[in-house]
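Peer 1: Let's see this in three dimensions:
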Amino acid sequence: MRDGGNVLAVRLWAKASDETAFESCVRDHGQVVYRIAYSVLRNEQDAEDAAQETFLRALRSGRLKDVNDSRAWLARIAWRIALDHRRPEEVAIDAIAEPASQGLDAEDRMLQGERTELLRELIRSLPRDLQDVVTLSTVQELSGADVAAILGIPEASVRTRMHRARALMKEKLQAKLSGKAAERS
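Peer 2: Numbers count the residues shown, from 1 in each chain. Predicted coordinates:
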């Protein structure tokens, strides 16, 4: 009976220890998880749900204490959950070019809105793998190492994809501007 009590005490202590570690993890990484989910979903309630689901999955997995980089691990889970919940037409690029409209007159706000829409269009035209890198690197301002961990690719691939994305966007922008110039002639 005494051994059974010790086993129970050890299990209770382990559970309390896990809960403390989990609470610490939520406190330390909750904002990053939410920001990643929000960058994909662009809706507060959906992002909160995805963040909550991220932590629930992490808790259920029982791997929290075995993970070396809990931030990157949780970020990857959040990214995948948010992608699963995203509607196909949504692209998380609003934050890249959201206008800071204070102090701008109506014409400047209109021009800024046009630039924002053009940027959205350019990013939407990228292949999915390039969109993901641009979103995480630019919207979330995550490091190359963090983006690599989230997407499960080497850091060199992140740099390559960013380079390809910029080149494609530049090419498409030049084509679009050439087309507009031809229309005016």
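Peer 1: Okay, domains of the protein per the record?
Peer 2: 2-85, 93-184 (automatic domain parsing).
Peer 1: okay, these in a markdown table with mean neighbour count and mean pLDDT next?
Peer 2: The C-beta positions use only the backbone N, C-alpha and C, and glycine is treated the same way. Below are the domains of the chain laid out as a markdown table (neighbours: other CB atoms under 10 Å; pLDDT from 0 to 100):
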| stretch | mean neighbour count | mean pLDDT |
| --- | --- | --- |
| domain 2-85 | 16 | 76 |
| domain 93-184 | 15 | 79 |
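Peer 1: Let's verify the most centrally placed residue in the chain: helix, strand, or coil?
Peer 2: Centroid-nearest residue in the chain, with CA atoms, centre = their mean: residue 36, separated by 3.1 Å. Under DSSP: H, G, I helix; E, B strand; the rest coil, residue 36 falls in the helix class.
Peer 1: let's have the chain start at 56 instead
Peer 2: Will do, 56 is the new start, and the previous item becomes residue 91.
Peer 1: how close does it get to residue 206?
Peer 2: 11 Å (CB to CB, to the nearest Å).
Peer 1: same thing with residue 110?
Peer 2: Residue 110 is 20 Å from residue 206, by CB to CB.
Peer 1: cool, residue 219 as well?
Peer 2: For residue 219 relative to residue 206 (CB to CB), the value is 14 Å.
Peer 1: Now do the contacts for residue 113.
Peer 2: Residue 113 makes contacts with 77, 80, 119, 128, 129, 132, as judged by CB atoms under 8 Å, 6 or more residues apart in numbering.
Peer 1: Quick check: closest non-adjacent residue to residue 186.
Peer 2: residue 178 (6.0 Å; CB to CB, 6 or more residues apart in numbering).
Peer 1: Repeat that for residue 103.
Peer 2: For residue 103, ignoring the flanking residues on the chain, the nearest one in space by CB to CB, 6+ apart is residue 89 at 6.9 Å.
Peer 1: Kindly confirm whether my reading is correct that the one you found touches residue 106.
Peer 2: Yes. Using CB atoms under 8 Å, residue 89 is in contact with residue 106, at 4.5 Å.
Peer 1: which residues touch residue 184?
Peer 2: residue 216 are the contacts of residue 184 under CB under 8 Å, 6+ apart.
Peer 1: hey, where'd the strands end up in this protein?
Peer 2: For the chain, no strands are identified by DSSP state E.
Peer 1: Helices of the chain, start to end?
Peer 2: Counting by DSSP state H, the chain has helices at residues 57-96, 99-116, 125-140, 161-179, 183-189, 199-206, 210-239.
Peer 1: what packs against the fourth one?
Peer 2: Counting contacts by 3 or more CB pairs under 8 Å, 6 or more residues apart in numbering; DSSP states H and E, helix 161-179 packs against helix 183-189, helix 210-239.
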